[in-house]
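Colleague: From the sequence below, what's the structure:
(one chain, ligands or ions: 2)
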Amino acid sequence: MKWFDSHCHLKSFSDNGTLDEILVHAKSNFVIRLTAVGTSLEDWNLYQNLSQKYSGFVYYSVGLHPCYVDEKFEIQIEKIEPFIGDEFHPVALGEIGLDYFHLPKDKSSAKALVGFQKVAFSKQLDLAIKYDLPIIVHSRNSFSDCIEILESKGVNWNRVLFHCFSEGIEEIRILNDRGGHASFTGILTYKKNHSLREAAMKQGLENLILETDSPYLTPEPKRGKSNKPGYLRHLGNFICEKYGIKPEVLAHQTFYNTNKFYDIN
Ligand SMILES: [Zn+2]
Ligand SMILES: [Zn+2]
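Modeller: Ligands and ions are numbered 1, 2, ... in the order given. Down below sits the predicted model:
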């Protein structure tokens, strides 16, 4: 059996000295590929180095996460292009998008920040389009604005993945109708998230992509602990039990879907 963790963050493990252990744990839990997703200039170099060191196991993306956007966002975005041209290049642009959940309380600063996030998103989409790269979208309380910007840019929707999908059936229809896809985290296993499970069902197994978003969003029954890529199988097991799928079938299909999205052989 082999799993692909399509989206995780490894910097905190590197910082606290547990990265080697985490990667061994991933492999012993059949996670044989993972994508370390960039959030800011603080992690892009680390992830590029890891993709070189663990070639064929660790893949990475570069992107300025909306929560790391401030008035000086251009300085960071200017540093993305050299990664794309490098021998050890990212498999996607991301995570990029809009986050209206973590905005400051003060209305005028919140408005200004949303303005910066929109321009940062848009400029990074230009890069993704220029190099025909897959796009990992982070959308929090901002679904329709994300769709609007993606639409206005004329992106290739087949290359768009809304990660940690947390919307319902209508939103997944809007996304799938255009050719875009969603990936799912451990929040799918949380009891109250019925409409999210409906959305995952609607998109279907043939398009399903799984992620841990480690170190966040730990799936049941490990909820409460820090998440790690090796816990992907808990999300997998939950889906298997819920929908009556064999783990081998789910692992095989999601592994295939993730490779296809990132254009990995
Ligand atoms: Zn995110
Ligand atoms: Zn993430």
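Colleague: how about the residue in the chain that ligand 1 sits nearest to, what does it touch?
Modeller: Closest residue of the chain to ligand 1, C-beta to the ion: His138 (3.5 Å). Using the backbone N, CA and C atoms, a C-beta is placed for each residue, glycine as well. Counting by C-beta atoms under 8 Å, 6 or more residues apart in numbering, His138 makes contact with 65-66, 94-99, 163-164.
Colleague: Of these, which is the most crowded?
Modeller: Of all these, Ile96 has the most neighbours under the rule other C-beta atoms under 10 Å, reaching 32 neighbours.
Colleague: State the distance from that residue to Gly180.
Modeller: In this view, Ile96 and Gly180 are 14 Å apart by C-beta to C-beta, to the nearest Å.
Colleague: go on, Tyr60?
Modeller: Look at Tyr60 and Gly180: by C-beta to C-beta, they are 22 Å apart.
Colleague: Looking at these two now, which is surrounded by more residues?
Modeller: Taking neighbours as other C-beta under 10 Å, Tyr60 and Gly180 compare with Tyr60 leading, 25 against 22.
Colleague: where does the more buried one fall, phi/psi-wise?
Modeller: In terms of degrees, to the nearest 10, the main-chain angles of Tyr60 are phi -150, psi 160.
Colleague: Could you find the closest non-adjacent residue to it?
Modeller: Of all residues not flanking Tyr60 in the chain, Tyr47 sits nearest, at 3.6 Å (C-beta to C-beta, 6 or more residues apart in numbering).
Colleague: Surely the one you found is in contact with Gly38?
Modeller: Yes. If you go by C-beta atoms under 8 Å, Tyr47 and Gly38 touch, sitting 5.8 Å apart.
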